[in-house]
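**Q** Have a look; sequence and predicted model below, questions after that.
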Amino acid sequence: MLTGDPYRNLNLNKNATIRDIENNYKLLVRKHKITCSEKRKQETKPNKSEIEKEKRYLKKLTNSYKLLSNRRMKELYDHYYYEEMVKECDKNKENNDGNPSFLKSLSSSSTSTTPTKTTTTTSSSTTTTTTTTTTSLFLKDLTHLFMNITYYPIREYGYFIQSSVNINGGFDESVFNFKELPKYGLTRLYKGILLSSICLNQLDACRSIILGKVAGSIFGLKSHSLIGKVLRFASKSAVLLPFCLVIDVYVLAPEEYSLIQVVRDCILKRSDGGTTFKFSNLYYSFFPILSIMITKKLIRGSFEYLKEKINKKYQDDRDSKKLAILKSLFSNVGLLSSFLCCPLQVIYIQYPKLIINSFLENNTSPIPSSLNPISIALEIYKNNNNSFGKFFYGLVPYVLSNVYLHYITSIAITTNTNNKKSTYDYFDIFS
């Protein structure tokens, strides 16, 4: 059960970011434990009432953190119940155990029914809350679908341009020929959209549920702990990277190849003359690809970090022209980070290209040996007249797709809330 307004419990306001929430929670818990240990040292005999009071306070902090650290629950609380809870706290002049029906519906442990004077009101508000919650989630799913429909062809167009860059110099039209685009129309640009938008999300959701059951229920690990974050990073990399490789090979494959043919013939049957399945092929160039993903994440994370720091300093000193210029410069993180990540994307695309090109040349040959990203970058540079131009092929659609995705995602996160800052998870290389 949640006690009082979670923002007040953590000494925060409504505009606090997830990082602020986590930092304040850890700080308050640390201070509370230090205070409790000092009290225990001074006491000659344990005071049971004081111990119970301390446990209740710690539980209040933990429940507040659990609610606010969950992005979706935080959005619902901010929109529907924040003002109600603040009024109730102000009315009672202290944090009472007034737990709105919204929090009861979200808490799996609140199965007990305590008789109150407003039983009828609570049950009706619970029904209303369930309806509004379902509607909100449905609208978010529609927003996500709309985002994929509009964002995906822009991304794929840049993807095809970048895939035309050849390691050996010049352009490679064996993977994709732009002359075919009018022939196939938009269907070519939407190839693989169901896999990347729906199947990938469902696979990630199953991975998250299984990890939560194993790590949380069996081993008692918390998701916000360092071990929990490392496990989430490792599980996402092990599950989603092979799936992403399959999607990329399928997208680059000729139009007549189905998904089953791509997985079976182009990837799995590339050993022993194409007679047996080799599932390790799904992890082709796993560590080089992972290093590229991590580098892209670090670039985006660095810009997000600088943006937050500059905004905080600008709030303290609004008269500084230097800070005003930096604030305007870092106002669009997606634009800056995409420009620096474009060469990494060109290098990454060479890996699924190696798989599909080697298959088109000889469909029984094994998958070519993996190259490290630095070797690929040097080959592209040397074989294209020592020019960096090929690293920025497809820059415009790549930047547009990333800026658009960043904008749509920020709208989805801040819908029905006053929190204008999006949460940035440095352990999630797929965000």
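**A** Nice, thanks for sending it over.
**Q** need the contact list for the residue nearest to residue 16 when sequence neighbours are not counted.
**A** Nearest non-adjacent residue to residue 16, counting by Cβ to Cβ, 6 or more residues apart in numbering: residue 7, 6.9 Å away. Backbone N, C-alpha and C define where each C-beta goes, glycine included. Residue 7 makes contact with 13-14, 16, 64, 68, 82 under the criterion Cβ atoms under 8 Å, 6 or more residues apart in numbering.
**Q** Of those, which belong to helices?
**A** 64, 68, 82 (DSSP state H).
**Q** As CSV, these with distance to residue 151 and neighbour count would be great.
**A** Below are the ones in helices among the contacts of residue 7 laid out as CSV (distance: Cβ to Cβ, whole Å; neighbours: other Cβ atoms under 10 Å):
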residue, distance to residue 151, neighbour count
64, 35, 25
68, 29, 24
82, 31, 18
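**Q** quick one: least confident of those residues?
**A** Of all the ones in helices among the contacts of residue 7, residue 82 has the smallest pLDDT value, namely 75.
**Q** follow-up on the earlier one: and which of the contacts of residue 7 is nearest residue 260?
**A** Nearest to residue 260 among the contacts of residue 7, counting by Cβ to Cβ, is residue 68 at 44.8 Å.
**Q** What residues does that closest one make contact with?
**A** With the criterion set at Cβ under 8 Å, 6+ apart, residue 68 makes contact with 6-7, 10, 12, 16, 18, 21, 74, 77.
**Q** one more time with 7 Å, if that's ok
**A** Going by Cβ atoms under 7 Å, 6 or more residues apart in numbering, residue 68 touches 6, 21, 74.
**Q** need those residues in JSON lines with neighbour count, can you?
**A** Putting the contacts of residue 68 into JSON lines (neighbours: other Cβ atoms under 10 Å) gives the following:
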{"residue": "6", "neighbour count": "27"}
{"residue": "21", "neighbour count": "21"}
{"residue": "74", "neighbour count": "23"}
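**Q** Quick one: those as CSV, columns for pLDDT and distance to residue 165 too.
**A** Below are those laid out as CSV (pLDDT from 0 to 100; distance: Cβ to Cβ, whole Å):
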residue, pLDDT, distance to residue 165
6, 84, 50
21, 88, 43
74, 81, 43
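**Q** from those, which single one is nearest residue 349?
**A** So of the contacts of residue 68, ranked by how close each gets to residue 349 (Cβ to Cβ), first place is residue 74, at 36.8 Å.
**Q** buried ones in the strand or helix carrying the closest one?
**A** If you go by DSSP states H and E, residue 74 is part of helix 71-76. For helix 71-76, a neighbour-count test (16 or more other Cβ atoms under 10 Å) marks 73-76 as buried.
**Q** same question, stretch 194-208
**A** So for stretch 194-208, counting by 16+ other Cβ under 10 Å, buried means 195-197, 200, 204, 207.
**Q** Nearest to residue 253 among those residues?
**A** Nearest to residue 253 among the buried residues of stretch 194-208, with distances taken as Cβ to Cβ, is residue 195, at 12.6 Å.
**Q** Quick check: closest non-adjacent residue to residue 200.
**A** Spatial nearest neighbour of residue 200, chain neighbours left out: residue 243 (6.2 Å); criterion: Cβ to Cβ, 6+ apart.
**Q** And the helix or strand where that neighbour lies, how far out from the chain middle?
**A** Per DSSP H and E, residue 243 falls inside helix 226-252. A distance of 12 Å separates the centroid of the chain from that of helix 226-252, by Cα atoms, centre = their mean, to the nearest Å.
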